[in-house]
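Asks: Build the 3D model from these lines:
(chains A and B)
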There are 2 protein chains.
Amino acid sequence: LLLAAGMTSREVFMEGAQRPRFMAEPITHRQKLRNAKDMKARMELLIMEIQYEFCQALEAEEKDGKFKVDRWERQEGGGGITCVIQDGEVFEKAGVNISVVHGNLPPGAVAQMNTRGKKLSGTSLPFYALGISSVIHPRNPYVPTIHFNYRYFEVETDTGTQWWFGGGTDLTPYYLNESDAIHFHKSLKDACDKSDKTFYPKFKEWCDKYFHVTHRGECRGIGGIFFDDVDYPDKEGAFEFVKTCAKSVIPSYIPLVQKHKNDGYGYKERQWQLLRRGRYVEFNLVYDRGTKFGLYTPGARYESILMSLPLTAKWEYMHVPEPGTPEFKLTEILKNPKDWLR
Amino acid sequence: LLLAAGMTSREVFMEGAQRPRFMAEPITHRQKLRNAKDMKARMELLIMEIQYEFCQALEAEEKDGKFKVDRWERQEGGGGITCVIQDGEVFEKAGVNISVVHGNLPPGAVAQMNTRGKKLSGTSLPFYALGISSVIHPRNPYVPTIHFNYRYFEVETDTGTQWWFGGGTDLTPYYLNESDAIHFHKSLKDACDKSDKTFYPKFKEWCDKYFHVTHRGECRGIGGIFFDDVDYPDKEGAFEFVKTCAKSVIPSYIPLVQKHKNDGYGYKERQWQLLRRGRYVEFNLVYDRGTKFGLYTPGARYESILMSLPLTAKWEYMHVPEPGTPEFKLTEILKNPKDWLR
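Replies: Next up is the predicted model:
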């Protein structure tokens, strides 16, 4: 075990006042992280910081409970820190996970990366991947679900080291509130604009395409931003962009939690939320590349991958909302993604 | 619309007393079915009959409600009949679906079939596929979920017509009852033995392998039989085998419904059932070939494919039953499939 007897992981690492605050001891040794100047170390410090700040912001909204923190190690190399609130009063399920993994790239992953335009050649292809990933399913149907993920990838090929960033933030409301949608997209656009004015329109469209439940002909939610293979303008610039996006999660989302967490709702709204959560499960298990890649990887920590699934979901045969209802209005937007900032 | 105004589909087709009883008009015209002597017609009559008999048997157990019957047509050729009971007193969700589809085989399907040893070559590859598929999710956690599927496939290749049968029946209990498990497997073994004594052991093992949730290292349920590409001993013999298996569904399952549908249970048993239903969803959306093939097929009727999903499911982070409990006993069996008839 990693903890001193009788202490929780948070007590252990928060002893020293001058230390940066994390949810648990980082996967890479603190001393090594502090001294290293490379991107792997800087990104690990960033995701540790984002995890801590986001968990703090969520706990401040939750009357009832703190994050359960699991620090785990991966036999093949690396590990992660999974923070979960389950069955809370405000958050039915909230998961904030970081992982730092390394090893040799499995052939399936190489094939998948090459189909999206990478040229990875080499016999063993050692890689290093780290990122933060989070899904928050609130209790109140008027508070949307948020998902975000920011990650950095390095791989040693025959022709040298390749690196890139990926990530995004997206929102899945159960009822459409236009001013919420505008606030959310505006926060993401402001973050993107600090790096490059072309990013928001490009990554907003990518997001709408990615989170598409093809068999139902609808998007998972009202989008946000999504990107992969970002190695521009340069390593420093790409890191600044990812950092700004990750830092924009709290201001884009927490105001929506505060605004709606005490809204009144009844059986009908809860049932609709559960049906939409079924659709969320469909996307994550049928289409999401991260989930599928994770589940197909031998030795993957499936509890951390499936932490994104809601506590409860429903499937009703042939459920279609009545035209004119708020439920119908949402499905129309999911079928025809909108530009919220025009 | 296919129905006379004011009549339900069952009233229409059940008018003539001498007609065979079906849940709705067959997809192929009744006259054509009666006259045709080929396997496509005989199989369609069989699945129509099985659908009617099984729906009748289930309705006899359900205090509260009849099957809703949807007869649908597929733009690309063929159609199906989907029968569903939802939110009943005995059956939380019961779906019994037949489909009869034809067209040209999509390249993805050809590739998948060839990887399992088929040699399908030709430019257009016209196919004809029909089958029955059913999943029953009872309300009472002491009544197991059953799934069965029996199907016939024909494809025209450059070297002539290829045909085969596939199918199986399997059981997913929430609490293990050994005598139920033995009764169920015994019924399937008896059905298999009528054709060939080597079938049950072979198809029982195939079933355990197929219904495996790899990321969790456990089977979906306690198995049954599963087979594909059956073209032996000959077309007639294969059809007889499939017919005997399909006819064994009622005697293998209905006694378990009768035995347990009034068993007492509480909150704890219901919660465990919902968690296990989450695992059922994981198998169906992540691994099941039929579901994935269906969802990836453009124009597929996703409501009929996803009818297999439970009305309600739960996911709890890191839920592990306590050693020694009945819940734990089930998971041990799911990790180590057993030979019930030894």
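
Asks: Need phi/psi at the nearest residue to A:Phe91 once chain neighbours are set aside.
Replies: Among residues not flanking A:Phe91 along the chain, A:Ile85 sits closest, at 5.0 Å (Cβ to Cβ, 6 or more residues apart in numbering or on different chains). All C-beta spots, glycine's among them, are computed from the backbone N, C-alpha and C. A:Ile85 adopts backbone torsions of phi -110, psi 130, taken as degrees, to the nearest 10.

Asks: What helices and strands are in contact with the top helix by length along chain A?
Replies: Across chain A, the longest stretch assigned as helix under DSSP state H is helix A:39-61. Packing partners of helix A:39-61 (3 or more Cβ pairs under 8 Å, 6 or more residues apart in numbering or on different chains; DSSP states H and E): helix A:30-35, strand A:78-86, strand A:91-104, strand A:126-138, strand A:145-157, helix A:235-247, helix A:249-260.

Asks: got a list of what whatever residue of the stretch 1-150 of chain A ends up closest to chain B touches?
Replies: Residue nearest to chain B within the stretch 1-150 of chain A: A:Val84 (4.7 Å; Cβ to the nearest Cβ). Contact partners of A:Val84, counting by Cβ atoms under 8 Å, 6 or more residues apart in numbering or on different chains, are A:Phe67, A:Lys68, A:Asp70, A:Lys93, A:Ala94, A:Gly95, A:Val96, A:Met307, B:Tyr317, B:Met318.

Asks: what's the pLDDT at A:Arg10?
Replies: On pLDDT, A:Arg10 comes in at 52.

Asks: re the thing from before, which members of the contacts of A:Val84 are classed as buried?
Replies: Taking 16 or more other Cβ atoms under 10 Å in any protein chain shown as the criterion, what is buried in the contacts of A:Val84 is A:Phe67, A:Asp70, A:Lys93, A:Ala94, A:Gly95, A:Val96, A:Met307, B:Tyr317.

Asks: circling back: to B:Phe227, which of the helices and strands packed on helix A:39-61 lies closest?
Replies: Minimum separation from B:Phe227 across these (Cβ to Cβ) falls at strand A:91-104, 37.5 Å.

Asks: residues touching A:Gly79, list them.
Replies: Contact analysis of A:Gly79 by Cβ under 8 Å, 6+ apart lists A:Ile27, A:Arg71, A:Trp72, A:Glu73, A:Ser99, A:Val100, A:Val101.

Asks: which bits of chain A sit near chain B?
Replies: Contacts of chain A with chain B, taken as Cβ under 8 Å from any Cβ of the partner chain, map to A:68, A:70, A:82, A:84, A:86, A:93, A:95, A:214-216, A:274, A:278, A:281-282, A:285-286, A:292, A:295-296, A:300, A:302-303, A:305-307, A:309-318.

Asks: now chain A, which segments are flagged as low pLDDT?
Replies: Scanning chain A for pLDDT under 70 picks out the ranges A:1-20.

Asks: Mind doing that once more with 50?
Replies: Applying pLDDT under 50 to chain A flags the ranges A:1-8, A:11-12, A:14.

Asks: now the residue lying closest to A:Cys219 once chain neighbours are set aside: how far from chain B?
Replies: Of all residues not flanking A:Cys219 in the chain, A:Leu334 sits nearest, at 4.9 Å (Cβ to Cβ, 6+ apart). Remark: distance between A:Leu334 and chain B (Cβ to the nearest Cβ, to the nearest Å) = 15 Å.

Asks: I figured A:Leu334 was touching A:His212, is that so?
Replies: No: at 9.6 Å, A:Leu334 and A:His212 do not qualify as touching, with contact defined as Cβ atoms under 8 Å.

Asks: Run a quick neighbour tally on A:Thr244.
Replies: Neighbourhood size, A:Thr244 [other Cβ atoms under 10 Å in any protein chain shown]: 15.

Asks: bridging residues for A:Pro138?
Replies: Here A:Pro138 shows beta-bridge partners A:Phe91, assigned using DSSP bridges.

Asks: for the one 10 residues further on, same thing?
Replies: Beta-bridge pairing of A:Phe148, defined through DSSP bridges, involves A:Ser134, A:Thr169.

Asks: Make sure it is actually in contact with A:Thr172.
Replies: No: at 11.8 Å, A:Phe148 does not count as touching A:Thr172 under the criterion of Cβ under 8 Å.

Asks: ok, A:Gly237 - how many residues close by?
Replies: The number of residues near A:Gly237, taken as other Cβ under 10 Å, comes to 14.

Asks: excluding its backbone neighbours, what's nearest it?
Replies: Distances taken as Cβ to Cβ, 6+ apart place A:Ser195 nearest to A:Gly237, at 6.7 Å, with adjacent residues excluded.

Asks: Is it correct that A:Asp180 is in contact with A:Lys259?
Replies: Yes: in this structure, A:Asp180 is within contact of A:Lys259 by Cβ under 8 Å, at 7.4 Å.

Asks: quick one: which of the two has more around it?
Replies: For A:Asp180 versus A:Lys259, neighbours defined as other Cβ under 10 Å are more numerous around A:Asp180 (22 against 15).

Asks: Check the offset of the helix or strand where the more buried one lies from the chain's centre.
Replies: According to DSSP states H and E, A:Asp180 maps onto helix A:178-193. Here helix A:178-193 is found 17 Å from its chain centre; the criterion is Cα atoms, centre = their mean, to the nearest Å.
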